[in-house]
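In: got a structure for you, letters missing:
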């Protein structure tokens, strides 16, 4: 009854790869009954302000030397490029030199594009019985049509705003945001190329196990993050997190090999056929799978 009343536990159960279809359906029904929502799950991981501030101060003190060395390092998100800044003017101002270069290239291409002779443009509409041609260029018309057909979703605008906010912060500000901020802030800062910032996310008292499960599968995070996750006791107890680390091809080999002994038979079988991980991991997974099946029989 306690498990059925906890959205977090039910969502953790959903990640089990050995579930049968009827069991998955039963868990989804239980989640619907408890009215699980992102807000409800987030409320369970809220921490007192005192605990958060204490964690920030402790992290700053423990890493004071490295913090001083990295003080001037700006924000650079792994896997975050100019395309992540949504919106017309926002994209041009936020994406920096790359966006400007792209814009210049587009302008040059537009100037180089051949222009139809005036006589042909006048005769074609007359013959077809259409209105005279306007001066709007095809590129402008296409862009306007796309903008009208695909409006920018609200959540993308919000993410764009978050990226702009983070890009203006120094390293201390980003560390503070990593530990005090919300889920969206952490999802971006975990990919910060500055190790101190991405590791600060893992020390946040607000961080939930569900978030770490996603981090453990990400390929665009620092190796130091993937090494640090199993070093934290509260995460090492979570089977889904450990399994995701082993299945992540970015996880260092020594970490993956050390975690494999805890995998269930079904996950070992799936891992042995996973072409993304290294040959060493696949071969060991196959050997361990056969050994466990022999013991079981």
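Out: Structure received. Small disclaimer: the values here were computed from a predicted structure and weren't measured. Numbers count the residues shown, from 1 in each chain.
In: What ranges does the stretch 101-250 of the chain have for its helices?
Out: Counting by DSSP state H, counting those that start in this stretch, the stretch 101-250 of the chain has helices at residues 118-128, 138-149, 154-167, 171-180, 183-189, 195-202, 209-217, 223-228, 233-236, 239-247.
In: Kindly report which one of those carries the lowest mean pLDDT.
Out: Note on those: helix 118-128 shows the lowest mean pLDDT, a mean of 43.
In: mind checking how far residue 10 is from residue 281?
Out: Distance, residue 10 to residue 281, by C-beta to C-beta, to the nearest Å: 30 Å. (Each C-beta comes from the backbone N, C-alpha and C, glycine too.)
In: Of all the residues in the helix or strand containing residue 55, which ones are buried?
Out: Following DSSP states H and E, one finds residue 55 within helix 49-62. Neighbour counts over helix 49-62 (16 or more other C-beta atoms under 10 Å) mark 52, 55-56, 59-60 as buried.
In: would you list these in TSV and tack on distance to residue 6 and pLDDT?
Out: Formatted as TSV, the buried residues of helix 49-62 follow (distance: C-beta to C-beta, whole Å; pLDDT from 0 to 100):
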residue	distance to residue 6	pLDDT
52	23	87
55	25	87
56	29	90
59	29	90
60	34	89
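In: From the contact counts, what lies against the helix or strand just after the helix holding residue 55?
Out: For helix 49-62, the following helix or strand on the C-terminal side (DSSP H and E) is helix 64-69. Using 3 or more C-beta pairs under 8 Å, 6 or more residues apart in numbering; DSSP states H and E, the elements in contact with helix 64-69 are helix 171-180.
In: one more time with 7 Å
Out: If contacts are counted by 3 or more C-beta pairs under 7 Å, 6 or more residues apart in numbering; DSSP states H and E, helix 64-69 sits against no helix or strand.
In: quick one: buried residues of it?
Out: Neighbour-count burial for helix 64-69 [16+ other C-beta under 10 Å]: residue 67.
In: Give me the mean pLDDT for it.
Out: 86.
In: Could you shift the numbering so residue one becomes 37, and keep it that way?
Out: Got it, first residue is 37 now, which makes that one helix 100-105.
In: So what touches it?
Out: Where contact means C-beta atoms under 7 Å, 6 or more residues apart in numbering, the residues beyond helix 100-105 that reach it are 96, 207, 232.
In: just stretch 84-98 next, same as before
Out: Residues contacting stretch 84-98 (C-beta under 7 Å, 6+ apart): 103, 211-212, 215-216, 236, 239, 241-242.
In: gap between the residue lying closest to residue 109 once chain neighbours are set aside and residue 306?
Out: Once flanking residues are discounted, residue 109 sits nearest to residue 230: 5.2 Å by C-beta to C-beta, 6 or more residues apart in numbering. Computed as C-beta to C-beta, the residue 230 to residue 306 distance reads 34 Å.
In: And these two? Which one has more around it.
Out: residue 230 (20 against 16; other C-beta atoms under 10 Å).
In: List the contacts of residue 296.
Out: 282, 320-321, 324.
In: can you tell me which of these are in strands?
Out: Using DSSP state E, no member of these falls in strands.
In: Adding distance to residue 290 and neighbour count as columns, could you present those residues in a markdown table?
Out: Converted to a markdown table, the contacts of residue 296 look like this (distance: C-beta to C-beta, whole Å; neighbours: other C-beta atoms under 10 Å):
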| residue | distance to residue 290 | neighbour count |
| --- | --- | --- |
| 282 | 12 | 23 |
| 320 | 12 | 18 |
| 321 | 15 | 23 |
| 324 | 16 | 18 |
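In: could the residues you listed go into a markdown table alongside distance to residue 203?
Out: Converted to a markdown table, the contacts of residue 296 look like this (distance: C-beta to C-beta, whole Å):
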| residue | distance to residue 203 |
| --- | --- |
| 282 | 34 |
| 320 | 42 |
| 321 | 41 |
| 324 | 45 |
